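S.K.: Provided below for reference: sequence and predicted model.
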Amino acid sequence: MEKKKKDSWWKRIRYKYRLTLENEDTMQVHWHFRVSKLRAALLLLLVFLIALALCSTLILYTPIRTILPGTVTEDERRYLLDETMRLDSMQRAVERQSQYLEGIRKALSGQDQKDSTPPLDSMRILEHEKLIEQKTPATEKFEHTYEQKHKQ
């Protein structure tokens, strides 16, 4: 009982065990290895750190990083911005055309006697003026970052 008290934690963790690989039929030892709990823990930690380093290197320096969410290059960001702007302009064009066709449908069916649909050119001018006057927070942020970038 007193011996157990005398054995410190440090001695218990450094106590060596023998790991043996042997043929069960001939009892011939093919391989043996002496290991302590401390060495086993350090070996597992080392293997974990090497695996972490390999995974990090693989993600950082290969095209795999493009698969991960949130990683967009500057070219891709610019492309997405351009495509979004094109999509918005196409949606506005479709809305204008549908308004125009709705006005024609009403005029042909006799529901609307007056010409309430402005000509397409004046619609463009009105739409253009509205777009110039209004700025979204995203537009203001983009303009601010653009101005800051080109001041340097």
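M.R.: Alright, I've got the coordinates.
S.K.: Going by C-alpha atoms from here, please, whenever you check contacts or count neighbours.
M.R.: Noted.
S.K.: what bits of the protein have low per-residue confidence?
M.R.: 1-6, 112-123, 128-129, 132-133, 152 (pLDDT under 70).
S.K.: where exactly do the helices run in the protein?
M.R.: Assigned by DSSP state H, the chain shows helices spanning 2-6, 9-14, 37-61, 74-109, 120-133, 137-151.
S.K.: closest one to Thr26 among the ones you listed?
M.R.: Closest to Thr26 of the helices of the chain, according to CA to CA: helix 37-61, at 29.1 Å.
S.K.: That closest one - contacts with which helices or strands?
M.R.: Applying 3 or more CA pairs under 8 Å, 6 or more residues apart in numbering; DSSP states H and E, one finds that helix 37-61 makes contact with helix 9-14.
S.K.: Where do the domain boundaries of this structure fall?
M.R.: As assigned by automatic domain parsing, the chain contains the domains 2-66, 79-151.
S.K.: could I get those as CSV with mean neighbour count and distance to Val72?
M.R.: Below are the domains of the chain laid out as CSV (neighbours: other CA atoms under 10 Å; distance: least, CA to CA, whole Å):
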stretch, mean neighbour count, distance to Val72
domain 2-66, 11, 7
domain 79-151, 12, 10
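S.K.: Determine which of those approaches Thr73 most closely.
M.R.: Per CA to CA, nearest to Thr73 of the domains of the chain: domain 2-66, 8.5 Å.
S.K.: Any idea how far the closest one is from the middle of the chain?
M.R.: When distances are taken as CA atoms, centre = their mean, to the nearest Å, domain 2-66 is centred 36 Å away from the chain's centroid.
S.K.: got it, and stretch 99-112?
M.R.: For stretch 99-112 - counting by CA atoms, centre = their mean - the centre lies 48 Å from the chain centre.
S.K.: and that stretch, C-alpha only, in CSV?
M.R.: Taking Å, rounded to 0.1, in the frame of the first residue of the first chain, the C-alpha atoms of stretch 99-112 are listed here in CSV:
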residue,chain,number,x,y,z
GLN,A,99,-45.9,46.8,-68.8
TYR,A,100,-45.9,47.7,-72.4
LEU,A,101,-47.7,44.5,-73.5
GLU,A,102,-50.2,44.9,-70.7
GLY,A,103,-51.0,48.4,-72.0
ILE,A,104,-51.4,47.1,-75.5
ARG,A,105,-53.6,44.3,-74.2
LYS,A,106,-55.8,46.8,-72.4
ALA,A,107,-56.0,49.1,-75.4
LEU,A,108,-57.0,46.2,-77.7
SER,A,109,-59.6,44.8,-75.4
GLY,A,110,-61.1,48.3,-74.9
GLN,A,111,-60.6,48.4,-71.1
ASP,A,112,-58.4,51.5,-71.3
